[in-house]
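Chemist: Only the shape, not the letters, is given here:
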């Protein structure tokens, strides 16, 4: 029997929900998914230029696990780039230290309900317009 996966620590969710190829309407392209922990591995290793050992430590996982997550993310991103597919960033086995929300109208990220202020892009404000990004039960 396999042991259950540990939640991977994520510093903060991505600013965007995904990417799509330029010049092709989203309704005409296939979408593929990368998880929050795949996004975080690429952010730490490529954007923050961290060694994999340090990135793994921050995500609370082993270095070989980070390498597997990272390689899967790079392969998925390369496939999307070469085949002209959109990328959605969602789901996975992750946890945040703080509560994070995304507005369903303007897609703005909000760290904790106490930090939310109605923005100009949202004509009607309601807490129902906010999607909690933390995994259920966390």
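Modeler: Alright, I've got the coordinates. From a predicted model like this one, the values you see are computed outputs, not experimental measurements.
Chemist: Only C-alpha atoms from now on, for both contacts and neighbour counts.
Modeler: Will do.
Chemist: For the nearest residue to residue 103 once chain neighbours are set aside, list the residues it contacts.
Modeler: Nearest non-adjacent residue to residue 103, counting by CA to CA, 6 or more residues apart in numbering: residue 130, 4.5 Å away. Contact analysis of residue 130 by CA atoms under 8 Å, 6 or more residues apart in numbering lists 101, 102, 103, 104.
Chemist: The second one contacts residue 109, doesn't it?
Modeler: When you say that, I think you mean residue 102. Yes: in this structure, residue 102 is within contact of residue 109 by CA atoms under 8 Å, at 4.6 Å.
Chemist: Just the contacts of residue 130: which are in helices?
Modeler: Nothing among these maps onto helices, per DSSP state H.
Chemist: Closest to residue 15 out of those residues?
Modeler: Using CA to CA, residue 102 comes nearest to residue 15 of the contacts of residue 130, at 9.3 Å.
Chemist: How many residues are close by that closest one?
Modeler: Neighbourhood size, residue 102 [other CA atoms under 10 Å]: 20.
Chemist: of the contacts of residue 130, buried ones?
Modeler: Among the contacts of residue 130, the ones that count as buried by 16 or more other CA atoms under 10 Å are 101, 102, 103.
Chemist: now, which of those residues sits nearest residue 88?
Modeler: Within the buried ones among the contacts of residue 130, proximity to residue 88 (CA to CA) peaks at residue 102, which comes in at 14.6 Å.
Chemist: Dig out what that closest one forms beta bridges with.
Modeler: Under the criterion DSSP bridges, residue 102 forms beta bridges with residue 109, residue 131.
Chemist: where does it sit relative to residue 65, distance-wise?
Modeler: 28 Å (CA to CA, to the nearest Å).
Chemist: Kindly report the same for residue 48.
Modeler: Applying CA to CA to residue 48 and residue 65 gives a distance of 19 Å.
Chemist: Residue 87 too?
Modeler: Where residue 65 is concerned, residue 87 sits at a distance of 22 Å (CA to CA).
Chemist: ok, longest helix in the chain?
Modeler: helix 63-83.
Chemist: Need the contact partners of that one.
Modeler: Contacts of helix 63-83 (CA under 8 Å, 6+ apart): 21, 32-34, 37-39, 41-42, 52-53, 55-57, 85-87.
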